[in-house]
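1. A structural model of the following input is requested.
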Amino acid sequence: VHWHLGAEHYSLGQFDETGSGPSEIAHRRKLAGKEREGFQCSLYDESDKRFTTPYNWQHCVNMEVGQTYEIHWPHSSVGACGTLNQYQTPFYDGVLCNAGNLRDDLGLWEQVGVQAQVYTIVNDEEYFYPDLISGMIVDGDFGQDIAYYTGSTTGTSRDNSICSQYTPITWQVDRSCHLISASSFDKLCADMLSMRDDMSDDLYPHGSRELVAHELTHDNQSE
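-> So this is what the prediction gives:
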């Protein structure tokens with residue numbers, strides 16, 4: 001599990017170029033160690049103290065109340081799911097640690113996938129969720145409007161010129177942006193620190209890949 005500064009995916013009216021956050025782009029990049037920022041949700045309200053009251057982070061690093069983040073949960077039939085080694089940094093180690101067991105009669109997209117969900121962080125315990133470590137939230141409005149497609153791994157080392165070698169994999173992306181408490185993320189980071197593998201390099205937001213050019217996207221998106 002890991003997350004990105006802003007949304008790597010694009011959802012019109014939910015997380016797009018019209019969204020906003022608590023700080024200017026340059027400052028956001030500084031907070032994230034000069035990582036590339038993604039799209040912002042449209043939920044931020046500077047007049048609402050839920051979006052502006054600082055949170056005393058205990059476990060996560062370079063996080064900000066009011067900011068948009070996209071969490072990714074990779075899943076794999078050739079990883080270590082269901083074992084003490086399921087959660088690893090980098091995530092490739094956990095997803096492909098049994099790559100020798102890849103089945104020739106199945107496509108990679110049938111064996112490796114990623115769930116993605118986008119949040120705006122608030123300092124309000126009404127939005128606490130205790131188990132972000134386990135995967136996408138599917139409850140109420142969470143996880144209801146899902147886009148399914150085949151794509152690749154992401155991050156700033158890939159763009160519209162440099163492709164990922166890990167493709168095609170199946171993506172399940174929640175099209176809606178959701179409010180979640182800062183304490184939910186901090187609990188996630190605490191859970192990550194309790195894993196057997198050292199996950200300290202995933203306690204901060206990674207940079208967001210630039211949006212994939214339309215001509216490079218697959219034509220198999222579905223709902």
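
2. Compute the number of surrounding residues for the closest residue to Arg196 other than its chain neighbours.
-> Across the structure, with Cβ to Cβ, 6 or more residues apart in numbering as the measure, the residue nearest Arg196 apart from its sequence neighbours is Leu84 (5.0 Å). No exception for glycine: its C-beta is placed from N, CA and C like everyone else's. Burial measure for Leu84: 9 neighbouring residues, criterion other Cβ atoms under 10 Å.

3. And Phe185, by the same measure?
-> By other Cβ under 10 Å, the residues close to Phe185 number 25.

4. For the residue lying closest to it once chain neighbours are set aside, give its distance to Pro168.
-> Using Cβ to Cβ, 6+ apart and skipping residues adjacent in sequence, the residue nearest Phe185 is Cys60, 5.4 Å away. Noted for Cys60: a distance of 31 Å to Pro168, by Cβ to Cβ, to the nearest Å.

5. Mind pulling the model confidence for Glu35?
-> With respect to pLDDT, Glu35 has a value of 65.

6. ok, Ala7 touching Glu70?
-> Yes. In this structure, Ala7 is within contact of Glu70 by Cβ atoms under 8 Å, at 4.6 Å.

7. Buried residues in stretch 127-145, which are they?
-> By 16 or more other Cβ atoms under 10 Å, the buried positions in stretch 127-145 come out as Tyr127, Tyr129, Leu132, Ile133, Met136, Ile137, Phe142, Gly143.

8. For Ala7 and Glu70, list the residues in contact with both.
-> Residues touching both Ala7 and Glu70 (Cβ atoms under 8 Å, 6 or more residues apart in numbering): Phe15, Gly38, Val118, Ser208.

9. so what's the last one closest to, chain neighbours aside?
-> So the one you mean is Ser208. Taking Cβ to Cβ, 6+ apart as the measure, Ser208 lies nearest to Gly38, with 3.1 Å between them; neighbours along the chain are not counted.

10. Pull the contacting residues for that neighbour.
-> His4, Leu5, Gly6, Ala7, Glu8, Phe15, Thr68, Glu70, Ser208, Arg209.

11. so what's the fourth one bridging to?
-> Beta bridges link Ala7 to Phe39, judged by DSSP bridges.

12. Show me where this structure has its helices.
-> 25-31, 91-95, 182-193 (DSSP state H).

13. I'd like the average pLDDT over stretch 12-21.
-> Here stretch 12-21 scores 94 as its mean pLDDT.

14. how long is it from one end to the other?
-> Between the opening and closing residues of stretch 12-21 there is a gap of 17 Å (Cα to Cα, to the nearest Å).
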